[in-house]
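> Take this sequence and fold it.
(2 chains)
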Amino acid sequence: MTEPAWTRKDLLGIGELSVAEIELILNTAESFAEVAERPVKKVPTLRGKTVVNLFFEPSTRTRVSFEIAAQRLSADVVNFTSAGSSQVKGETLADTAKNIASMAPDFVVVRHAHAGVPAMLARQLECGVVNAGDGAHEHPTQALLDATTIRLHKGRIAGLTVAMVGDIMHSRVVRSNILLLTRLGARVRVAGPRTMVPRGIETLGVEVHHELEPALAGADVVMMLRLQLERQSRTLLPSLSEYSRLFGLDAERMRLAKPDAIVLHPGPMNRGVEITSEVADGSQSVILEQVGQGVAVRMAALYLLAGTREARS
Amino acid sequence: MSRLLVRGGRVIDPSQGLDGRRDLLLEDGRVARLEAAIDARDGDRVIDAAGRVVTPGLIDIHVHLREPGQEAKETVASGAAAAVAGGFTAVACMANTSPVNDSRLVTELVLGAARAAGLARVHPVGAISMGLEGEQLAPFGQLVAAGCVAVSDDGRPVMSAELMRRALEFARHFRIPVVQHAQDLDLSGEGVMHEGVASACCGLPGIPGAAEDVMVARDLILTEDSGGRYHVAHISTARALGLVREAKARGLNVTCEVTPHHLLLDDRAVTASGFDANFKMQPPLRGESDVAALVAGLVDGTVDAIASDHAPHTRDEKALEFQAAPFGIVGLETALPLCLDRLVAAGILPLARLVELMSTGPARVLGLPGGTLAIGAPADVTVIDLERELDVVAARFRSKARNTPFEGWKLRGCAVATIVGGRLVYERD
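From the prediction side, this is the model:
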């Protein structure tokens, strides 16, 4: 079977990807996962290429993951972090884009608090752009690494029941995951307090729950979301303990899911809020494996985008 | 004695229930004669309007001209040029300039700039509260004496119910409407687009329709109690429009306006545009059912006027990411062609009703002279060619600003001549 060719310049979101493209990334990631097992964890694929990590929002793990991925492909990596949006510095995004362009990087990995920023940069830059999270819009590599983790344990995506629990409204992880998982044939449930589940989300083809128990019942995969403590206004949530009482995952509630169900969390976790340590560190947890898969998925993304650049030059 | 004869056109004047072929003679800044046939005299300037539609000068009761203080976005002169190019003979400009139009001095400055430009008539709208701060009432009497035709804190909703109550009461002394930008700021929060399916799916913070509805509901209660005169600017939701419809039926002195963009675009356009800030305005593009309700309100008479909410911003400001860019789009040069093509030619709205919504209706809302071709009325006239094709190209706007979501639209029908006070101030090549 011949795999479909990758022709995209950028990776901006799951929303624009076909099933074949998603599978191509997942399969490529699986082959890269093997690199991490080698004594010398480096392949020469991106030698002489430059990757700029452009993070307008604080993030350690995603940035480090992209950094390691680029280095394992032998690329040169530059990290550029800036607190707040470009507006804070009085520089428009267009100016930032022009500045980057004049340094002639091959790839820009962007994280920004505002939806659509990677797409804006992609329109203005000749280099490849990877979305590392834009507002509450998309976080495609997170959804892809979640998918490789699930495939690793379950051997498939189609037909699985996946429950995603937490602040659905403000989560880019949820949006990318819904798009990916429904496209690959999973049955997706979202659950959270009514103040944090936007009306209309069901049009994406998910079941909506406002109680944790029915969302967990018979699930193959349970994905707990990070409660963004810094983001919650007092009107969305009375207190953390109230949230935890209603939507926190503990060992007892976990028993509602299938016996072989796995637990995912995009991290960083608020232990004792959305998930107890007993579950987070328990036998069903694959949270640390997700982190490992993250490097492989990001290697795959950069590798495929490099192919497009090669073909164009 | 200056005379201008507009000859052979199809004259539509909703104020007189007229739709028929007439010659129109303008003399000394007034409508002198409107008859089946008028002979030209030596020295008369004649405009051949055969095959064209002749209407009372169009009036846009909601624009932002940005002067004083934000001249990089627009000036009174550039805004007035955009107005006449769009077929408007008069505009009412909002008070959110810098400084705010909360005093005679600012009103006079705007009127002085408008006189110097010598294009469209410019009617300033004064502030409701000093500095638009929502606390102290602005001096309505002084503002009206200087030339203001209404009061509004537009851009900043009047959040205090007490202030709105007193504004409605006090404005009665001067027989002027209180124009509200109806939006509960607590409910709209950090929102940047309509809260609905599109926002749920793309993750941008939403502005619920209820933010407008609760404000209109509150204000209608205050209007009833105060006996005041209330006008809802850029109404955008089905429910707020329903509240206005009921209030009118109960005899309240309430009117409302709708913008062309709220009639022609819905929230899906935001995501389809790839988060282009030219699709960001306040109120936001609403849901499909809201759009349908607004169109129905045009047809059934609930809506009194179409107004553009012309809100110029610089290219740099609109080049920011969607969430950071300012709210607002320009509309003076696209309002008429959009409505002619997408509402009238599409068979949704009769041409005479569109003319009413853009001339007689707005004049009535703000109590302006004009909106009629009755003998003795101001000689403000718009000549429209229903067949003339127009590509929306922002780079060709007379406005200083380019922030339109309609770039590239191909439209049929536009103003070809604009006459203000008997003077031909704009003619399309």
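
> going forward, measure contacts and count neighbours with C-alpha atoms only.
OK.

> The worst-scoring helix or strand of chain A on mean pLDDT and chain B in contact?
Every helix and strand in chain A was compared by mean pLDDT, DSSP states H and E; the lowest is helix A:93-102, with a mean of 83. Yes. Contact of helix A:93-102 with chain B (Cα under 8 Å from any Cα of the partner chain) involves A:93-94.

> Just the buried residues of that helix, please?
Under the neighbour-count criterion of 16 or more other Cα atoms under 10 Å in any protein chain shown, helix A:93-102 has A:93-94, A:97, A:100-101 buried.

> Counting by contacts, list what that helix packs against.
When contacts are defined as 3 or more Cα pairs under 8 Å, 6 or more residues apart in numbering or on different chains; DSSP states H and E, helix A:93-102 packs onto helix A:117-124.

> do the helix it packs on and chain B meet at all?
Yes. Using Cα under 8 Å from any Cα, helix A:117-124 comes into contact with chain B via A:117, A:119-120.

> Give me the spatial nearest neighbour of A:Thr28, chain neighbours excluded.
Sequence neighbours aside, A:Ala300 is the residue nearest to A:Thr28 in space, at 5.5 Å (criterion: Cα to Cα, 6 or more residues apart in numbering or on different chains).

> In contact with that neighbour, which residues?
When contacts are counted by Cα atoms under 8 Å, 6 or more residues apart in numbering or on different chains, A:Ala300 is found next to A:25-26, A:28-29, A:32.

> Buried residues, the strand or helix carrying it. List them.
Using DSSP states H and E, A:Ala300 maps to helix A:287-312. Buried residues in helix A:287-312, defined by neighbour count with 16+ other Cα under 10 Å: A:287-288, A:290-291, A:293-309.

> Just to be sure, B:Thr55 is in a strand?
Yes. Using DSSP: H, G, I helix; E, B strand; the rest coil, the assignment for B:Thr55 is a strand.

> Please report how far it lies from B:Leu373.
Separation of B:Thr55 from B:Leu373 (Cα to Cα, to the nearest Å) stands at 8 Å.

> for B:Gly43, same thing?
Applying Cα to Cα, the value for B:Gly43 to B:Leu373 is 23 Å.

> Those two - which one has more neighbours?
Taking neighbours as other Cα atoms under 10 Å in any protein chain shown, B:Gly43 and B:Leu373 compare with B:Leu373 leading, 30 against 10.

> Quick check: chain neighbours aside, which residue is closest to that one?
Excluding the flanking residues, the one nearest B:Leu373 by Cα to Cα, 6+ apart is B:Pro56, at 5.6 Å.

> which residues does that neighbour contact?
Counted by Cα under 8 Å, 6+ apart, B:Pro56 has contacts B:12-13, B:359-360, B:370-373, B:380-382.

> Let's see that with 6 Å instead.
B:371-373, B:381 (Cα atoms under 6 Å, 6 or more residues apart in numbering or on different chains).

> could you point out where chain B is predicted with low confidence?
Low-confidence segments of chain B (pLDDT under 70): B:1.

> how does it divide into domains?
What automatic domain parsing lists as the domains of chain B is B:3-53+B:379-427, B:57-366.

> Highest mean neighbour count out of the ones you listed?
domain B:57-366 (a mean of 22; mean count of other Cα atoms under 10 Å in any protein chain shown).

> Run the chain-centre distance for that one.
With Cα atoms, centre = their mean, to the nearest Å as the basis, domain B:57-366 stands 7 Å off its chain's centre.

> residue closest to the middle of chain B?
B:Ala307 (2.3 Å; Cα atoms, centre = their mean).

> sorry, back to before: now the least confident helix or strand of chain A against helix A:117-124, angle please.
Helix A:93-102 and helix A:117-124 are oriented at 60 degrees to each other (axes from the mean of the first three to the mean of the last three Cα atoms, to 10 degrees).

> Keeping just the C-alphas, turn helix A:93-102 into CSV.
Extracted in CSV, the C-alpha atoms of helix A:93-102 (Å, rounded to 0.1, in the frame of the first residue of the first chain):
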residue,chain,number,x,y,z
LEU,A,93,2.3,40.4,14.6
ALA,A,94,3.0,41.4,11.0
ASP,A,95,6.2,43.1,12.1
THR,A,96,7.2,40.0,14.1
ALA,A,97,6.5,37.9,11.1
LYS,A,98,8.7,40.1,8.9
ASN,A,99,11.5,40.0,11.4
ILE,A,100,11.4,36.2,11.6
ALA,A,101,11.3,36.0,7.8
SER,A,102,14.4,38.0,7.4
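
> Summarise which helices and strands the next helix or strand after that helix is packed against.
Under the assignment DSSP H and E, the closest C-terminal helix or strand after helix A:93-102 is strand A:107-112. Secondary-structure packing of strand A:107-112 (3 or more Cα pairs under 6 Å, 6 or more residues apart in numbering or on different chains; DSSP states H and E): strand A:50-55, strand A:128-134.

> Let me see the mean pLDDT of the longest one.
Per-region confidence: strand A:128-134 scores 97 on mean pLDDT.

> That strand near chain B at all?
No. Remark: strand A:128-134 sits outside contact range of chain B, by Cα under 6 Å from any Cα of the partner chain, the gap being at least 9.4 Å.

> Quick one: name the residues of the stretch 1-150 of chain A near chain B.
Residues of the stretch 1-150 of chain A lying close to chain B by Cα under 6 Å from any Cα are A:116, A:136-137.

> I'd like the residues you listed as JSON lines, with neighbour count appended.
Shown next, in JSON lines, are those (neighbours: other Cα atoms under 10 Å in any protein chain shown):
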{"residue": "A:Gly116", "neighbour count": "28"}
{"residue": "A:Ala136", "neighbour count": "27"}
{"residue": "A:His137", "neighbour count": "26"}
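
> Is stretch B:261-268 in proximity to chain A?
No. Stretch B:261-268 is not in contact with chain A by Cα under 6 Å from any Cα; minimum separation 12.9 Å.

> Can you tell me what sits against that stretch?
B:198, B:285-288, B:291.
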